[in-house]
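Student: Below is the sequence, then the predicted model.
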Amino acid sequence: MILDAKKLTFQYGQMRVLHEVDLTIEPGITAIVGPNAAGKSTLMKCLGGILKGDGQVSLDGEDIAQWPTMQTAQRIGYLPQDFAPQAILTVFETILLGRLNTLGWQVSDDDIERVETMLAEMHLEEIGQRRLDQLSGGQAQLVAIAQALVREPEVLLLDEPTSNLDLRRQFEVLSFVREWTRQKEAASVVAIHDLNLAARFADRIVVMSEGQVHSQGVPAAVLTREMIAEVYSVASHVVVEDGETYIHVTGTLPAQ
Ligand SMILES: Nc1ncnc2c1ncn2[C@@H]1O[C@H](COP(=O)(O)OP(=O)(O)OP(=O)(O)O)[C@@H](O)[C@H]1O
């Protein structure tokens, strides 16, 4: 399973935000990091076929622009940054909706079972019958992730999935996504601001800066104080201990 972007260029009106991005996404977790407005969300939308720019996005050699929308949604799961819950649905119904592409409007026992399993695995059973407008922001975010996962896509694109979550939930969700990704031999692409979380959970990191790939590779190779100074203009200490990378922002700005 390889998701490949070739010379991906995208502009909103006259403003070009992606410049000939070449990127190969392999099975495992890829974290997309970079400053605000670097083009991360736009890149995710192009990879998911939500936006169509110039250049090509292909999954296992097939140009996704040629696929019917249903096929793209089935094979490439996409969770937007600004997931807006449909208030009239319950948590259970919302997650079940994730299965509907594959089944027309028929709901089978297998689908119900998968939703129940997902609720259990994500510790959401207690709120299964609650309406979405009665959830906290973090709970709604977990439901959105569950809806994307229950579809069992080959590629999962999560745009800032942990932004509303407390510390423990951030770890739980990313551990769950990592486990799911390994089990299914899928590829997950996670746009995320927290470099320490990216270091801990990602197999590879792609640094976006001003609409281009600044650098990419394994966390320890990419997350250097030089990269952080260059891309974020922030001074930091980067410590690698027992194969884990830890970033301490020193709170000072490097000389311009
Ligand atoms: N729908 C839109 N119409 C016009 N410009 C847009 C639109 N969406 C994003 N932009 C612009 O495109 C650029 C890249 O935005 P994008 O959301 O891809 O960045 P990002 O790296 O995800 O940022 P953040 O970390 O703040 O979420 C920004 O300058 C943004 O203002």
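Tutor: Received it, and whenever you're ready, just let me know what you need. Owing to the predicted nature of the structure, the values given are computational and were not obtained by experimental measurement. Numbers count the residues shown, from 1 in each chain.
Student: helices and strands around the one helix or strand residue 92 maps to, which ones?
Tutor: Under the criterion of DSSP states H and E, residue 92 resides in helix 91-103. If contacts are counted by 3 or more CB pairs under 8 Å, 6 or more residues apart in numbering; DSSP states H and E, helix 91-103 sits against helix 69-75, helix 109-121, helix 137-150. For glycine as for every other residue, the C-beta is placed from the backbone atoms N, C-alpha and C.
Student: Run through who's touching stretch 127-143.
Tutor: 83, 85-92, 94-95, 119, 122, 124, 161-166, 169, 173 (CB atoms under 8 Å, 6 or more residues apart in numbering).
Student: Any quick ChimeraX command for the buried ones out of the residues you listed?
Tutor: In ChimeraX, this line selects whichever of the contacts of stretch 127-143 come out buried by 16 or more other CB atoms under 10 Å:
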select :83,85,89,90,91,92,94,95,119,122,124,161,162,164,165,169,173
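Student: tell me the SS of the most centrally placed residue in the chain?
Tutor: Centroid check for the chain by CA atoms, centre = their mean gives residue 158 as the closest residue, at 2.1 Å. Three-state call for residue 158 (DSSP: H, G, I helix; E, B strand; the rest coil): strand.
Student: and what of residue 29?
Tutor: strand.
Student: Going along the chain, name the helices of the stretch 151-256 of the chain.
Tutor: Using DSSP state H, counting those that start in this stretch, the helices of the stretch 151-256 of the chain run over 167-184, 195-201, 219-222, 225-232.
Student: what is the mean pLDDT for the shortest one?
Tutor: This points to helix 219-222. Across helix 219-222, the average pLDDT comes to 93.
Student: How about residues contacting that helix?
Tutor: With CB under 8 Å, 6+ apart as the criterion, helix 219-222 contacts 198, 199, 202, 204, 205, 207, 215, 216, 240, 243, 245.
Student: Residue 218 is in contact with the fifth one, correct?
Tutor: Yes. With contact taken as CB atoms under 8 Å, residue 205 and residue 218 are classed as touching, separated by 7.5 Å.
Student: Name the residue in those two with the higher neighbour count.
Tutor: residue 205 (25 against 13; other CB atoms under 10 Å).
Student: separation between that one and residue 224?
Tutor: As defined by CB to CB, to the nearest Å, residue 205 lies at a distance of 11 Å from residue 224.
Student: Same check on residue 12?
Tutor: From residue 12 over to residue 224 (counting by CB to CB), the distance is 32 Å.
Student: Between the two, tell me which one has more neighbours.
Tutor: residue 224 (15 against 9).
Student: Show the contacting residues for the more buried one.
Tutor: residue 238.
Student: how near is it to residue 216?
Tutor: The value you get for residue 224 to residue 216, if CB to CB is used, is 13 Å.
Student: No more questions from me, cheers.
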